[in-house]
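Novice: Build me a structure from this.
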Amino acid sequence: MSTRKIEGSVALVTGANRGIGRAITEALLERGAKRVYATARDPKTLEDLKAFQSIRALPPTLRRKVGARGPQKSATKERITIRLSR
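Specialist: Numbering: from 1, shown residues only. Got it, this is the predicted structure:
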């Protein structure tokens, strides 16, 4: 991870259900991200991440509205400060 402040941040991670996307999602949560919006082609694959209270699974159609144009409130109603795409 970079030296960017993670604690208290709001992140959007695409491909959060496996591999690098999954590892990044878990690392953000462990390092104190306020909230992580996670997307995957099949939202059912994100079910086990819901054990973390700070995670919100987004349907694949919504992710295009949320993270495409930089930090914004958009569909999440929160300012996205970290965007990571797999």
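
Novice: Next, the buried residues of the longest helix seen in the chain.
Specialist: Longest among the helix segments of the chain by residue count, using DSSP state H, is helix 19-30. Buried residues in helix 19-30, counting neighbours by 16 or more other CB atoms under 10 Å, are found at 21-22, 24-26, 28-29. All C-beta atoms are positioned from the backbone trio N, CA, C, and that covers glycine.

Novice: ok, Thr81 - how many residues close by?
Specialist: Thr81 has 16 neighbours, counted by other CB atoms under 10 Å.

Novice: And for Ala38, nearest residue in space, chain neighbours not counted?
Specialist: Among residues not flanking Ala38 along the chain, Ala16 sits closest, at 3.6 Å (CB to CB, 6 or more residues apart in numbering).

Novice: what about the strands in this protein?
Specialist: Secondary structure of the chain (DSSP state E): strands located at 10-14, 35-39, 55-58, 82-84.

Novice: so what's Leu46 up against?
Specialist: Neighbouring residues of Leu46 by CB atoms under 8 Å, 6 or more residues apart in numbering: 16-17, 38, 40, 55, 57.

Novice: Setting aside sequence neighbours, what's the nearest residue to it?
Specialist: In space, Leu46 comes closest to Ala57 once its chain neighbours are excluded; the distance is 4.3 Å by CB to CB, 6+ apart.

Novice: Now for the protein, the helix or strand with the poorest mean pLDDT.
Specialist: The weakest-scoring helix or strand in the chain, judged by mean pLDDT, DSSP states H and E, is helix 60-67 (a mean of 54).

Novice: Could you report the distance from the residue nearest to Gly32 when sequence neighbours are not counted to Arg22?
Specialist: Nearest residue to Gly32, sequence neighbours excluded (CB to CB, 6+ apart): Glu7, at 3.6 Å. As defined by CB to CB, to the nearest Å, Glu7 lies at a distance of 21 Å from Arg22.
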